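S.K.: Structure, please.
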Amino acid sequence: MAIAEDLAKQQRSISVAEFFEKNKHLLGFDSPTRGIITTIKEAVDNALDACEEAEVLPDIFVGVRKVDTEVYRITVEDNGPGIVPKNIPFVFGKLLYGSRFHQIRQSRGQQGIGISAAVLYAQLTTGTPALVISRTGAREKAHRFELMIKTETNEPEIVSHEEIDWDRTHGTRLEIQFKSTLAAKKRLLDYLRLTAIVNPHARVTADIDGEVTTFERVASEVPPCPKPILPHPHGIEFGALKRLADASTGTVEEFLIGSFSRVGMKTADEMIGIAGLKPSRKVKRLDADELKRLLDAMQSVKVPAPPAQQCLSPIGEDLICRGLEKEIQLDFVRARTRPSAVHGGHSFIIEAAIGYGGKLPAEGNAQLFRFANRVPLLYQQGACAITSAVSQVNWKSYGLSQQGLPVGPALIMVHVASTNVPFTSESKDAVASIPEIEREIVLVLQELGRELKAYLSRRERKKQQDDRARAVCSIIPEIAAKVSEIVELPLVDTSPIEGKIMRKVVAKKRTSDGKVCIEVNNYTAREVALTLYNLSRDAAEDADPRPDFVDDIGGEYNKVWRCTLGAGEAWQVVYTGAGDGTLDLRGVEDNRKVVVDLDV
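M.R.: Numbering: from 1, shown residues only. Here you go, the predicted structure:
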């Protein structure tokens with residue numbers, strides 16, 4: 001009895017803040033290095049969500065500065081709608097406080113844990129409060145808060161609060177200091193680059209210890225903000241059904257039609273009939289057995305899938321390709337978006353892309369980019385359903401070697417957009433193994449694999465044709481020289497013949513009597529659009545035709561001409577100079593920039 005009383009005295013309840021303070025690894029703060037990335041990730045996610053809800057093109061600043069030994073200041077500033085002053089302490093100083101947890105729609109943040117967990121991590125490692133500045137409009141003053149979290153009660157502690165002048169008309173700025181290292185600087189830049197790829201409408205500027213990197217936007221339209229929908233009958237559980245029923249004042253029929261997605265009068269009557277209930281019964285008066293019968297009936301009746309177009313916001317095939325090409329040089333890139341599907345009553349859409357060649361590493365496994373609701377997943381790749389699905393595809397049949405993951409200069413991107421992404425933990429690092437999701441990923445990758453195989457086949461055929469043509473062209477000058485010697489005539493220029501055989505665009509530069517002549521010949525069978533860059537000290541005042549653009553860079557002149565040549569056509573420019581500059585001729589092929597062969 002005495003032992004039991006002593007044990008009883010030691011027992012007490014703990015707050016959620018106390019729990020995560022001792023289990024910070026669950027939220028992604030398991031190491032000082034990862035702490036920086038997790039903090040920036042949570043702040044950027046909130047900024048992007050807020051800007052999209054306000055239909056504002058996101059302009060986000062991320063700063064990382066060392067302020068003391070092993071102490072770094074993290075700054076994230078956005079141009080979003082701002083936060084009303086009375087809510088600021090709760091948003092940043094109370095775990096499990098947010099606006100999205102109770103809504104069924106696609107969003108980056110859901111539980112209201114991430115950014116407040118970063119504040120908790122800061123006060124745990126340095127004891128410094130978080131600084132928050134927010135302004136909701138040009139007519140309003142900005143509010144400056146210094147906040148901490150009372151871990152015993154999971155309530156915000158306001159260290160200071162004042163109204164200040166701020167140069168932004170609306171937006172939010174967060175500054176947090178904690179102990180960390182910059183060992184993960186490359187991974188931090190990778191995270192921001194990946195964020196820019198799947199958020200092509202956002203501009204992100206990063207200042208990491210004085211090194212500034214800007215990831216420009218490639219889209220000028222804000223994606224449509226997903227709208228909340230009602231829960232689906234096939235995704236409801238007994239506890240949630242009982243809570244909804246207790247809060248309802250209507251009949252069973254009114255409850256089913258008004259509280260669930262895709263349920264009309266006919267469907268509701270069918271459910272009520274299977275459950276053996278009267279439509280006029282008040283739903284809050286149903287006992288537990290009746291509610292269980294109703295739940296079984298709801299999940300047995302066939303109900304259309306939730307309206308994915310309303311609650312989801314996929315990136316889109318074109319924007320995925322443009323985002324990838326902006327950040328990574330590729331020879332081939334294709335993207336596909338699958339039709340919406342359902343798991344556990346929640347809508348989801350799988351998007352994927354595959355890239356090949358360019359500056360991708362030729363050795364080792366293909367690069368795998370994983371995303372969920374437009375957020376990069378950087379950790380726990382081996383535990384993710386996306387990785388498992390990629391490994392299930394037989395990549396050898398699509399022209400790639402395979403050792404689990406495909407091998408070679410390839411890139412695979414998979415994006416899961418869902419109203420409820422099934423993560424394996426609160427840190428949101430990996431997607432759980434859901435058969436419906438894995439099946440959709442495999443299907444879209446197989447579709448992309450077929451396109452990659454067709455490209456590789458075309459490339460191999462072209463390489464064989466080029467090898468044969470190159471072999472022929474290698475002996476043409478020798479034949480021309482012998483013929484010239486035999487007939488005792490001047491040696492002819494064989495470049496046109498070689499160009500026609502190789503089916504290339506060829507640029508030649510000649511200098512004679514102080515004049516530079518650049519001639520471009522299109523020996524292909526189609527029209528090409530070309531841009532000629534000539535970097536030299538030569539003047540361009542007398543160039544004929546005149547350059548479309550001239551820029552003075554470091555004392556040298558970068559002259560730019562643009563032209564369009566039909567099949568077999570030629571173009572030339574003549575100007576005064578020594579011809580000591582360099583040429584860079586770029587064309588357009590399949591909507592991609594390519595460097596054209598030069599003979600200078």
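
S.K.: switch to C-alpha atoms for all contacts and neighbour counts from now on
M.R.: Will do.

S.K.: ok, Val218 - how many residues close by?
M.R.: 17 (other Cα atoms under 10 Å).

S.K.: residues touching the residue positioned nearest the centre of the chain, list them.
M.R.: Taking Cα atoms, centre = their mean, the centroid of the chain lies closest to Val198, which sits 2.0 Å from it. Val198 sits next to 315, 320, 323, 374-375 when contact means Cα atoms under 8 Å, 6 or more residues apart in numbering.

S.K.: In strands, which of those fall?
M.R.: Val375 (DSSP state E).

S.K.: and of the contacts of Val198, the nearest to Gln123?
M.R.: Val375 (26.2 Å; Cα to Cα).

S.K.: The closest one and Gly171, how far apart?
M.R.: Distance of Val375 to Gly171, given as Cα to Cα, to the nearest Å: 21 Å.

S.K.: And what about Asp207, helix, strand or coil?
M.R.: strand (DSSP: H, G, I helix; E, B strand; the rest coil).

S.K.: no wait, Ala219
M.R.: With three-state DSSP as the basis, Ala219 sits in coil.

S.K.: ok so, going back, for the contacts of Val198, which one is nearest Ala2?
M.R.: Nearest to Ala2, judged by Cα to Cα, of those is Val375 at 54.1 Å.

S.K.: thinking that closest one is in contact with Val44, fair?
M.R.: No: look at Val375 against Val44 with Cα atoms under 8 Å: they stay out of range, at 9.6 Å.

S.K.: Ignoring the adjacent residues along the chain, who's closest to Ile37?
M.R.: Using Cα to Cα, 6 or more residues apart in numbering and skipping the chain neighbours, the partner closest in space to Ile37 is Leu188 (5.9 Å).

S.K.: now the strand or helix carrying that neighbour: mean pLDDT?
M.R.: If you go by DSSP states H and E, Leu188 is part of helix 185-198. Helix 185-198 comes out with an average pLDDT of 89.

S.K.: Which parts of that helix count as buried, going by neighbours?
M.R.: 185, 188, 191-198 (16 or more other Cα atoms under 10 Å).

S.K.: With stretch 80-89 instead?
M.R.: For stretch 80-89, using 16+ other Cα under 10 Å, the buried residues are 80-83, 85, 88-89.

S.K.: returning to what we had before: redo the contacts of Val198 as JSON lines? Include distance to Lys559.
M.R.: Formatted as JSON lines, the contacts of Val198 follow (distance: Cα to Cα, whole Å):
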{"residue": "Ile315", "distance to Lys559": "37"}
{"residue": "Ile320", "distance to Lys559": "33"}
{"residue": "Gly323", "distance to Lys559": "29"}
{"residue": "Arg374", "distance to Lys559": "40"}
{"residue": "Val375", "distance to Lys559": "41"}
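
S.K.: Kindly indicate which of the contacts of Val198 lies nearest Leu565.
M.R.: Gly323 (29.4 Å).

S.K.: Let me see the contact set for the closest residue to the closest one other than its chain neighbours.
M.R.: Distance criterion Cα to Cα, 6+ apart; nearest residue to Gly323, sequence neighbours excluded, is Ile197 at 4.4 Å. Contacts for Ile197 were tallied using Cα under 8 Å, 6+ apart; they are 320, 323-324, 326-327.

S.K.: likewise Thr424?
M.R.: Thr424 neighbours (Cα under 8 Å, 6+ apart): 430-432.

S.K.: I'd like the buried residues of helix 185-198 written out as JSON lines, with distance to Met148 added.
M.R.: Putting those into JSON lines (distance: Cα to Cα, whole Å) gives the following:
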{"residue": "Lys185", "distance to Met148": "27"}
{"residue": "Leu188", "distance to Met148": "26"}
{"residue": "Tyr191", "distance to Met148": "27"}
{"residue": "Leu192", "distance to Met148": "27"}
{"residue": "Arg193", "distance to Met148": "31"}
{"residue": "Leu194", "distance to Met148": "31"}
{"residue": "Thr195", "distance to Met148": "29"}
{"residue": "Ala196", "distance to Met148": "31"}
{"residue": "Ile197", "distance to Met148": "34"}
{"residue": "Val198", "distance to Met148": "33"}
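
S.K.: re the thing from before, the buried residues of stretch 80-89 in helices, which ones?
M.R.: 88-89 (DSSP state H).

S.K.: most surrounded residue in the contacts of Thr424?
M.R.: For the contacts of Thr424, the largest neighbour count, defined by other Cα under 10 Å, is 27 neighbours, found at Ala430.

S.K.: Need the nearest residue in space to that one, chain neighbours excluded.
M.R.: Leaving aside its chain neighbours, Ala430 sits nearest to Cys384 (4.6 Å; criterion: Cα to Cα, 6+ apart).

S.K.: Compute the number of surrounding residues for the one you found.
M.R.: Neighbour tally, Cys384, other Cα under 10 Å: 19.

S.K.: Give me the below-cutoff pLDDT ranges for the stretch 151-300 of the chain.
M.R.: Along the stretch 151-300 of the chain, no part satisfies pLDDT under 70.

S.K.: quick one, helices of it?
M.R.: For the stretch 151-300 of the chain, the helices defined by DSSP state H, counting those that start in this stretch cover 185-198, 238-247, 252-259, 265-275, 288-300.

S.K.: In CSV, list those helices along with distance to Leu124.
M.R.: Output for these, formatted as CSV (distance: least, Cα to Cα, whole Å):
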stretch, distance to Leu124
helix 185-198, 22
helix 238-247, 36
helix 252-259, 43
helix 265-275, 52
helix 288-300, 45
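
S.K.: so what's the backbone phi/psi at Leu286?
M.R.: Dihedral pair for Leu286: phi -70, psi 140, per degrees, to the nearest 10.

S.K.: Distance of it relative to His234?
M.R.: Distance from Leu286 to His234, by Cα to Cα: 20 Å.

S.K.: of these two, who's got more company?
M.R.: Neighbour tally, Leu286 and His234, criterion other Cα under 10 Å: the higher count belongs to His234, 24 against 17.

S.K.: What residues does that one make contact with?
M.R.: Contacts of His234 (Cα under 8 Å, 6+ apart): 298-299, 303, 344-345.

S.K.: just checking, what packs against the lengthiest helix in the chain?
M.R.: Determined from DSSP H, the single longest helix within the chain is helix 435-487. Applying 3 or more Cα pairs under 8 Å, 6 or more residues apart in numbering; DSSP states H and E, one finds that helix 435-487 contacts strand 332-337, strand 341-343, strand 346-356, helix 385-392, helix 495-502.
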